[in-house]
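[1] Coordinates for the following, if possible.
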Amino acid sequence: QVRLVESGGGLVQAGGSLRLSCAASGIIFSMNDMGWYRQAPGKQRELVAAVTSGGRTNYADSVKGRFTISTDNAKNTVDLQMNSLKPEDTADYYCAADPILNRAKRYWGQGTQVTVSS
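    Model (predicted):
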């Protein structure tokens, strides 16, 4: 059974930092592209940052230079370091795993809430 469990969300003031972590089980971590998505109230879920199984990263324009995605294949974790947070970063953040051998499949975590106060 595949499980993605996010942690690290919370309330932070604008300009502050948070580090989200996603622990994966039930998958071969190195055989998945991993990503962080977010969904603000009334908005569609959007990609924040992704890292391929080969280590290539991709970021939404709105977070470039502020957020960093990283993986630890030994621990099966993917982290999102978020710096210089803005109120518009407020959202539920979700971890996702895309198996490279089954592009039609995407696994989701349950999400963690991030609130940035102004």
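[2] Residue ranges in this protein under the pLDDT threshold?
    Along the chain, no part satisfies pLDDT under 70.
[3] which residue is nearest the centroid of the protein?
    In the chain, the residue lying closest to the centroid (CA atoms, centre = their mean) is W36, at 2.3 Å.
[4] Name the helix or strand for that one, please.
    strand 32-39 (DSSP states H and E).
[5] who does that strand touch, helix- and strand-wise?
    The contact analysis (3 or more CB pairs under 8 Å, 6 or more residues apart in numbering; DSSP states H and E) places strand 32-39 against strand 18-25, strand 46-51, strand 67-72, strand 77-82, strand 91-99. C-betas here are computed from N, CA, C, even on glycine.
[6] next SSE after the second one?
    To tie it back to what came earlier, the one meant is strand 46-51. Next element after strand 46-51 (DSSP H and E): strand 57-59.
[7] what sits up against that following strand?
    47-51, 67, 69 (CB atoms under 8 Å, 6 or more residues apart in numbering).
[8] before we move on, back to that, mind listing what's buried in the strand holding W36?
    Residues of strand 32-39 classed as buried: 32-38 (neighbour count, 16 or more other CB atoms under 10 Å).
[9] What's opposite N32 in the beta bridge?
    Counting by DSSP bridges, N32 is bridged to P99.
[10] How about the contacts made by it?
    For N32, the contact set (CB under 8 Å, 6+ apart) comprises 24, 53, 97-100.
[11] Likewise for D89?
    Contacts here follow CB under 8 Å, 6+ apart; on that basis D89 touches 38, 63, 82, 114, 116.
[12] how about 10 Å then?
    Counting by CB atoms under 10 Å, 6 or more residues apart in numbering, D89 touches 12, 14, 18, 38, 40, 48, 62-63, 66-67, 82, 114-116.
[13] orientation of the strand holding W36 relative to strand 77-82 in degrees?
    On the basis of axes from the mean of the first three to the mean of the last three CA atoms, to 10 degrees, strand 32-39 is oriented at 40 degrees to strand 77-82.
[14] from now on call the first residue 142
    That works, and once the first residue is 142, the last one we named lands at strand 173-180.
[15] Can I get strand 173-180 in CSV, CA atoms only?
    Below are the C-alpha coordinates for strand 173-180, written out as CSV (Å, rounded to 0.1, in the frame of the first residue of the first chain):
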residue,chain,number,x,y,z
ASN,A,173,9.2,8.0,-8.9
ASP,A,174,9.1,11.6,-9.9
MET,A,175,8.2,13.6,-6.7
GLY,A,176,6.4,16.8,-6.4
TRP,A,177,4.8,19.3,-4.1
TYR,A,178,1.5,20.9,-5.0
ARG,A,179,-0.7,23.4,-3.3
GLN,A,180,-4.3,24.4,-3.3
